[in-house]
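# Predicted coordinates and the sequence they were generated for:
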Amino acid sequence: MKKRSVVVVIVLLASQYASAMEIITLSKFQYGKRWAFTKEEVQLMCRPDHALYALNMSTLMQYPLNEQAEQQRKEGHVHAQPIDTILLDDPDRPGQKMSIAPFVERAQQLCVDKAVP
C-alpha cells in the first residue's frame, strides 16, 4: 500500500510540473525573413525564474534565450547549448547573427500566461 501511495504522489507531482511548463511551437513559415534559426521550427518555453529557452524537439536540445537561462546552462542546472549554435547569419548585417528579440518577447508571454490564474 505504501508503494502505491508513493507512486500516486510522484505521478501527481510530475503532472503538475508538466502542466506548469507551457511550450509553444513556432515555424519559419510564421516569421519569414525574421526567422533566426537554422531549424524549420523551434519550441519556446518559460522555466521557473523566467528562464527562457528555445527547444529543438528532434534532438531535445535546449538553447538559452535570456540571461537567467544562460546562467542555468553555465552552472550545469540544465543540459543546453549556446543559442549561437542554431542562429542564422543576418544577411543585412555581415558578421552578425539574426535577432532573437521577437522570440524572447514571445517566450516572455509564456511566463506571464503562467502567472495569470
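That came in fine, so what should we check first?
# Walking through the chain, point out its strands one by one.
23-27, 41-47, 51-56, 61-64 (DSSP state E).
# ok, and what's touching the longest one?
Strand 41-47 is contacted from outside by 21-28, 52-57, 65, 69, 72, 78, 86, 103, 106-108, 110-111, 114, using CB atoms under 8 Å, 6 or more residues apart in numbering. Glycine gets a C-beta too; all of them are placed from N, C-alpha and C.
# Any of those buried? List them.
Neighbour-count burial (16 or more other CB atoms under 10 Å) applied to these gives 26, 28, 52-56, 65, 69, 72, 86, 103, 107-108, 110-111.
# Of the residues you listed, just say which sits nearest to Thr38.
Ile86 (5.0 Å; CB to CB).
# could you list every residue that touches the closest one?
With CB under 8 Å, 6+ apart, Ile86 has these contacts: Phe37, Thr38, Lys39, Val42, Ala54, Asn56, Tyr63.
# can you rerun that using 10 Å?
Ala36, Phe37, Thr38, Lys39, Val42, Ala54, Asn56, Thr59, Met61, Tyr63, Lys97 (CB atoms under 10 Å, 6 or more residues apart in numbering).
# now, the most widely separated pair of those residues?
Maximum distance among the contacts of Ile86 (CB to CB): 19.7 Å, for Thr59 and Lys97.
# higher neighbour count, these two?
Taking other CB atoms under 10 Å, Thr59 and Lys97 do not tie; Lys97 has more neighbours (14 against 10).
# Can you check what pLDDT the model gives the closest residue to the more buried one other than its chain neighbours?
In space, and not counting its chain neighbours, Lys97 is closest to Leu87: 4.1 Å by CB to CB, 6 or more residues apart in numbering. According to the prediction, Leu87 has pLDDT 97.
# Same check on Arg73?
Arg73 is assigned a predicted lDDT (pLDDT) of 95.
# For this protein, just list every one of the helices.
Counting by DSSP state H, residue ranges of the helices within the chain are 2-20, 28-31, 67-74, 101-115.
# residues making contact with the second one?
So the one you mean is helix 28-31. Outside helix 28-31, the residues that touch it by CB under 10 Å, 6+ apart are 34-42, 88, 98, 102-103, 106.
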